[in-house]
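>>> model this:
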Amino acid sequence: MQQPSSPPSGGARGAGSPGSADVIDVEQAEAALVEHYPRLVRLAYLVLPPGLGRNRRVLTAHSLTQRALPRGRTATAPPALPAQRGSAPRTGDPGYAYVRLRVLRSALDAGLPLRRAAWPKRAQLPPLLPQVWGLRLFPKSGGADELALDQRLSALSGPARAAYVLRGLEHLDSAAVRTVLTAAGCTGEAAAAALAEADGTEVLHGLLESPEFDPCSLHARPTDLMRRRQHAKAAVAALAALLVCGALLGLPGSGWSPDGAAAPPYAQNPAGQAALNPGKLTRVPAAAWQTSARTDFSVWPARGSLTGDTALLRRALAVWARPGGTVQVSATPGTPAGAPPGPAQLLYAGEIDQARVVLLYDGLRIVRYAEPKSGTSGAALDFARVDGATGPQAGAVVVNRSDGNVRYLTAPWVTGAAARDLLRPGAAAQRLSRTKDGVTSPFPSPALAPAAQPCTTWHALALTDSAGTRYSTDLGELVPAHLTSGRPDAPGEAKPAAWAATACSLAAARSHGVSTVNSWAYARQALPEANGTAEWMCNRAETWRGGGPRTLALFRAPGAAAAVVAAKSEGAAACGGRDPRVLAGVRWKSRGGNWYLVAGGSSEVASVSAAGSTSSGNLLAVRVARGAGVALTGVTSGGVKVSALR
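Predicted coordinates:
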């Protein structure tokens, strides 16, 4: 693992001694930049606004650092800083102080809001270089302490973050920090306010050297592969449309206005044309579900005020078969986005929130077509895989999202709908009214909440039928994810109290094609030094495509409202129906200031070992050094090794 460079000799303590030069040449600045590049990028990453997201913060931090060299052959050196107390008398490095000041000034500029009356500064714009296409880059994940520090830093203003980082990473005192902030463009009053704000944040300076904040040691994950593929197809379709547009417009009676936003047809295939005939759509009778043994989308009746609008249905089918270049196409991971294989089933066609919406089902996918009430410009086409959906998983489909709210079309067997805030399990549910077609009134959608916004509410949809009440939540898909609670090999319907501490962790499962999420409190642990009792929980999100489950192990300290992520994995069998065993650990600091490795396993774990200690049972607490690397393993009563989730 790459470690950040140590502060340069005297560079972390000032621009130079009083006798340093007044100008910096480009070679001197370049040498300082190359030598201390990891440290400068870490400084930029920590000061940049957290709302940019981890991927963009990484790229922006590298971009700002690489642009820190002077444009001319020389540049004016920054003001000298006094030597820090306890430091050895060494010659200062004005080249490092210069590039550090340039990086800091650009990082602070990047956090300024854009104004209509002023041109944006270069740091406020997305970086042109470096860029990584097809990958998302983010630093390695830390523990609960790093997560807590990141949340504290996100609550600070830009200058206050800079003050905190200059103290903790560069070891500057208050006078030196004020000098640097002033040189970076802050007024004297703003610098003093930033220092005061930083003083109000818990001192966790040692964590700033953690891999959690190292943008030079990165994980890489692909972007949305299906969306990229759809964009490529849409680009090809748009190019083909441009090539034939002139010929189509020049022919008498030709044109593609009847198909709205669809691209021109490429060939007259009889089977394909039959699938696009609105008259051949399957329309299930209204009472069919009452006598059917099935409770899935195949028994949903056709509902809505526009089920007889043949022109609308033809446009929806045509766009499904060949979306034009202006159509916004999205598909959940693992969902094919091709044309219908045959005549589809009509679920809904009606007007919702200034839009005309059509919902179709082909046995594998739910397809949503939406267009404005006037015209077809801005049409959208969404695909979601729902093969095997039955009962609670086939209880609702998203009709529309707008203004932070979501509306659902509910199954015909649903007798009542409500919205419940999972973070307040004791509060009464908010009853949702429904139209005669089964469309709910709008309520807040957690899928539309800004990523940088603190998680203070998480609304779930509660649907009641003859079998009871089931809960699901909007994770950005057409079909909400079904929530369950209990052991993963025998889960039950979700109980709001079981989700109160872990609901916010659902944000990690947004837009991943999730069908079901289970929450299981698998252990309780009495903490050392009489610090109370903690809870261990795991959340596992299963996907419609069957692969790529996402598992989180969560630790809830005594008195904490929410659990923190102790470990996470993609594709692991732990905490699942086939292998419910789970083991995880986290470093924890007692009220007395001592650090421990605390670990919790499920009931199948008979012993836990770490740091040379072995405990009998599924719990362990052992004193460890703050930064020590510790291997954690467990063993069942039958001698089977259980690896810690990571």
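
>>> what's near enough to touch residue 422?
Contact analysis of residue 422 by Cβ atoms under 8 Å, 6 or more residues apart in numbering lists 458-460, 473, 496, 499-500, 503. Yep, even glycine has a C-beta here, placed from its N, CA and C like the rest.

>>> Ok, residue 584 next?
Counting by Cβ under 8 Å, 6+ apart, the residues that residue 584 touches are 536, 538, 553, 555, 566-567, 599-601, 644-645.

>>> try 10 Å
By Cβ atoms under 10 Å, 6 or more residues apart in numbering, the residues touching residue 584 are 522-523, 536-538, 551-555, 565-569, 574-575, 598-602, 632, 634, 644-646.

>>> mind giving me the domain ranges of the chain?
The chain breaks down by automatic domain parsing into domains covering 11-222, 225-387, 402-580.

>>> can you pull the buried residues of the helix or strand hosting residue 350?
Here residue 350 sits within strand 345-352, counting by DSSP states H and E. Going by neighbour count (16 or more other Cβ atoms under 10 Å), the buried part of strand 345-352 is 345-350, 352.

>>> Can you give the distance from that strand to the centre of its chain?
31 Å (Cα atoms, centre = their mean, to the nearest Å).

>>> That one: what's the following helix or strand?
strand 355-361.

>>> Low-confidence bits of this structure, can you list those?
1-22, 72-92, 113-131, 133-134, 138, 142, 221, 223-234, 241, 243-274 (pLDDT under 70).

>>> Spatially central residue in it, please.
By Cα atoms, centre = their mean, the chain has its centre lying nearest to residue 508, at 5.2 Å.

>>> Wait, that residue touches residue 476, no?
No. Between residue 508 and residue 476 there is no contact under Cβ atoms under 10 Å: 12.0 Å.

>>> which residues are common contacts for those two?
Residues touching both residue 508 and residue 476 (Cβ under 10 Å, 6+ apart): none.

>>> what secondary structure does residue 426 sit in?
Assigned with DSSP: H, G, I helix; E, B strand; the rest coil, residue 426 falls in the coil class.

>>> For the protein, which segments count as helices?
Using DSSP state H, the helices assigned to the chain run over residues 26-35, 37-47, 54-66, 94-110, 144-154, 158-168, 174-183, 188-199, 225-250, 270-275, 288-291, 310-321, 496-499.

>>> for those helices, which one sits closest to residue 513?
helix 225-250 (9.0 Å; Cβ to Cβ).

>>> still on that earlier bit, quick one: the helices of the chain as JSON lines, columns for mean neighbour count and distance to residue 485 too.
Formatted as JSON lines, those follow (neighbours: other Cβ atoms under 10 Å; distance: least, Cβ to Cβ, whole Å):
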{"stretch": "helix 26-35", "mean neighbour count": "17", "distance to residue 485": "53"}
{"stretch": "helix 37-47", "mean neighbour count": "24", "distance to residue 485": "38"}
{"stretch": "helix 54-66", "mean neighbour count": "22", "distance to residue 485": "30"}
{"stretch": "helix 94-110", "mean neighbour count": "25", "distance to residue 485": "42"}
{"stretch": "helix 144-154", "mean neighbour count": "17", "distance to residue 485": "23"}
{"stretch": "helix 158-168", "mean neighbour count": "25", "distance to residue 485": "39"}
{"stretch": "helix 174-183", "mean neighbour count": "19", "distance to residue 485": "49"}
{"stretch": "helix 188-199", "mean neighbour count": "17", "distance to residue 485": "41"}
{"stretch": "helix 225-250", "mean neighbour count": "13", "distance to residue 485": "31"}
{"stretch": "helix 270-275", "mean neighbour count": "13", "distance to residue 485": "41"}
{"stretch": "helix 288-291", "mean neighbour count": "12", "distance to residue 485": "27"}
{"stretch": "helix 310-321", "mean neighbour count": "22", "distance to residue 485": "37"}
{"stretch": "helix 496-499", "mean neighbour count": "20", "distance to residue 485": "4"}
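
>>> Quick one, which of those helices gets closest to residue 391.
Relative to residue 391, the nearest member of the helices of the chain by Cβ to Cβ is helix 288-291, separated by 12.2 Å.

>>> starting at the chain centroid, how far to the closest one?
40 Å.

>>> got a list of contacts for it?
285, 294-296, 298-301, 411-413.

>>> out of those, which are buried?
Buried subset of the contacts of helix 288-291 (neighbour count, 16+ other Cβ under 10 Å): 295-296, 298-301, 411-413.

>>> Pick out whichever of those residues sits closest to residue 151.
residue 411 (39.1 Å).

>>> Which residue, neighbours along the chain excluded, lies closest to the closest one?
residue 395 (4.9 Å; Cβ to Cβ, 6 or more residues apart in numbering).

>>> In this structure that neighbour contacts residue 414, no?
Yes. If you go by Cβ under 10 Å, residue 395 and residue 414 touch, sitting 6.2 Å apart.

>>> Now for these two: what residues contact both?
Counting by Cβ under 10 Å, 6+ apart, the residues touching both residue 395 and residue 414 are 408, 463-465, 470.

>>> ranking these by neighbours, who comes first?
residue 408 (27 neighbours; other Cβ atoms under 10 Å).

>>> could you list every residue that touches that residue?
Residue 408 touches 395-400, 414, 417, 432, 434, 438-443, 461, 463, 472, 474, 479-480, counting by Cβ under 10 Å, 6+ apart.

>>> Quick check: strands, which of the contacts of residue 422 are part of them?
The members of these that map onto strands under DSSP state E are 459-460, 473.

>>> would TSV of these with neighbour count and distance to residue 627 be doable?
Listed next are those as TSV, based on neighbours: other Cβ atoms under 10 Å; distance: Cβ to Cβ, whole Å:
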residue	neighbour count	distance to residue 627
459	21	40
460	25	39
473	25	38
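
>>> if we can go back for a sec, who has more neighbours out of residue 395 and residue 414?
Neighbours per residue (other Cβ under 10 Å) separate residue 395 from residue 414, with residue 395 holding more: 24 against 19.

>>> Can you give me the distance of the more buried one to residue 447?
Computed as Cβ to Cβ, to the nearest Å, the residue 395 to residue 447 distance reads 17 Å.

>>> Residue 546 too?
Residue 546 sits 22 Å away from residue 447, going by Cβ to Cβ.

>>> Give me the more crowded residue out of those two.
Higher neighbour count among residue 546 and residue 447: residue 447, with 19 against 11, using other Cβ under 10 Å.

>>> tell me the contacts of the more buried one?
With contacts defined as Cβ under 10 Å, 6+ apart, residue 447 is in contact with 398, 401, 404, 406, 473-477, 480, 506-507, 510-511.

>>> of all those, which comes closest to residue 161?
residue 507 (22.7 Å).

>>> Tell me if I'm right that the closest one and residue 448 touch.
No. With contact defined as Cβ under 10 Å, residue 507 does not reach residue 448; the gap is 11.7 Å.

>>> Next up, the contacts around residue 213.
Applying Cβ under 10 Å, 6+ apart to residue 213 gives the contacts 4, 42-43, 45-46, 139-140, 142, 146, 149-150, 153, 165, 169, 207.

>>> still on that earlier bit, could you redo the ones in strands among the contacts of residue 422 as TSV and give each row distance to residue 108?
As requested, the ones in strands among the contacts of residue 422 are exported to TSV (distance: Cβ to Cβ, whole Å):
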residue	distance to residue 108
459	36
460	40
473	38
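
>>> Could you pull out the buried residues of stretch 424-434?
432, 434.

>>> Next, the distance between the ends of that stretch.
Stretch 424-434 has an end-to-end distance of 24 Å (Cα to Cα, to the nearest Å).
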